[in-house]
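Peer 1: Dropping a prediction and its sequence here:
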Amino acid sequence: MLSRRSVRVKVMQLLYMLNRDESLELSELQKAYQGGIWRAFELYIYHLYVTLRVAQYAETDAANRAAKLVPTEEDKSFQPILSSNPCTKSLSNHVDFLNMVKKYQFAEQLDEDHIRSLYNAFADTEEYRAYLSLGAPTDADHSKILIELYRFLSGHDLFLDMTEDAFNNWADDESLGMGAMKKTLKSTPVSGAFYKEHEPSDETVKEFGAELLTRTALEDAALLAEIQPMLKNWDAERVAILDMIMLKMALCELLHFPTIPTKVTLNEFVEISKTYSTDKSKEFINGILDRLMKKLLEEGRIVKEGRGLIDQ
């Protein structure tokens, strides 16, 4: 679930914090890194749970319709299949999933009025009405409506506000959470530890991210000394803070991560700069890193394990 690019972004953000507050200890950054890495997974569990709760509200809808003194024909024929179908039930009966919801205390965070509002809004959609009209819906139909429900929620202001309340500044994890959600809902009915594939892997979290954070922080002065001669007419102090952080991180990767191809390192930081830095950062970072890489290759200081990992 957690790509190396996402890890790079999180490391970059923490190094920016360190730049702004030099009193921060490395141990504090490492702790913040671990917490931030798991936020994307927690966001996924939260969105899955909210989607489940909205689907389950179909049972309340059915009860409210049945309690009417003068129910309509639509009320009489209504079936809460959004809640009772095998795909939804596979989530509502999944003990391990519900234990994680309990662990993160998501149930206590949800307002029943919000769930009702989201359900009622979805109930007015053509997709939901078409689903209810199916004579003999299949698991594929049930899975499809859950995906439609999540797509609807993802564009609803109330759902977005709820997510922001639970996860401040969650935008960086949004695409990760959405990808995991769609994959899970598409594979319903779920069974076993379906969520495990979306947990951060030790290889990505520890062997790559934690090492990149620690090395870049500890070797800050040495990395800067390598970069400064490449700046030509630029004053290092005038380089945008995030640009300098990305240059240091990329240099650290080139020198200390033998299994990551040089081209991947360059391309990744150029792409990150498009989103997080200034308009001209892409060309600047690409140019500096290209010169750095050529110099290091000439000096024999870039050592990669395996063929094809050095792009010259």
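Peer 2: Now that the structure is in, tell me what you want to look at.

Peer 1: what residues go with each domain of the chain?
Peer 2: For the chain, automatic domain parsing gives the domain ranges 4-14+24-198, 219-298.

Peer 1: Make JSON lines from those and add mean neighbour count, mean pLDDT and distance to Phe208 to it.
Peer 2: (Each C-beta comes from the backbone N, C-alpha and C, glycine too.) Formatted as JSON lines, those follow (neighbours: other C-beta atoms under 10 Å; pLDDT from 0 to 100; distance: least, C-beta to C-beta, whole Å):
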{"stretch": "domain 4-14+24-198", "mean neighbour count": "16", "mean pLDDT": "94", "distance to Phe208": "6"}
{"stretch": "domain 219-298", "mean neighbour count": "17", "mean pLDDT": "92", "distance to Phe208": "7"}
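
Peer 1: Dump these to JSON lines, plus distance to Ala210.
Peer 2: Listed next are the domains of the chain as JSON lines, based on distance: least, C-beta to C-beta, whole Å:
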{"stretch": "domain 4-14+24-198", "distance to Ala210": "6"}
{"stretch": "domain 219-298", "distance to Ala210": "12"}
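
Peer 1: Those: which one's closest to Lys304?
Peer 2: Closest to Lys304 of these is domain 219-298 (C-beta to C-beta; 5.2 Å).

Peer 1: Span of that closest one from start to end?
Peer 2: 22 Å (C-alpha to C-alpha, to the nearest Å).

Peer 1: And the contacts of stretch 36-45?
Peer 2: With C-beta atoms under 8 Å, 6 or more residues apart in numbering as the test, stretch 36-45 has contacts from 1-2, 6-7, 10, 13-14, 97, 100-101, 104, 106, 163, 167, 170, 173-174, 176-177, 180-181, 184, 195, 198-200, 205, 209.

Peer 1: nearest to Leu213, of the domains of the chain?
Peer 2: Across these, closest to Leu213 is domain 4-14+24-198 (C-beta to C-beta), at 4.7 Å.

Peer 1: Give me the subset of the contacts of stretch 36-45 that lies in helices.
Peer 2: 6-7, 10, 13-14, 97, 100-101, 106, 163, 173-174, 176-177, 180-181, 184 (DSSP state H).

Peer 1: to the chain's geometric centre, what's the distance from whatever helix or strand Leu149 lives in?
Peer 2: Leu149 belongs to helix 139-154 when assigned by DSSP states H and E. Offset of helix 139-154 from its chain centre (C-alpha atoms, centre = their mean, to the nearest Å): 20 Å.
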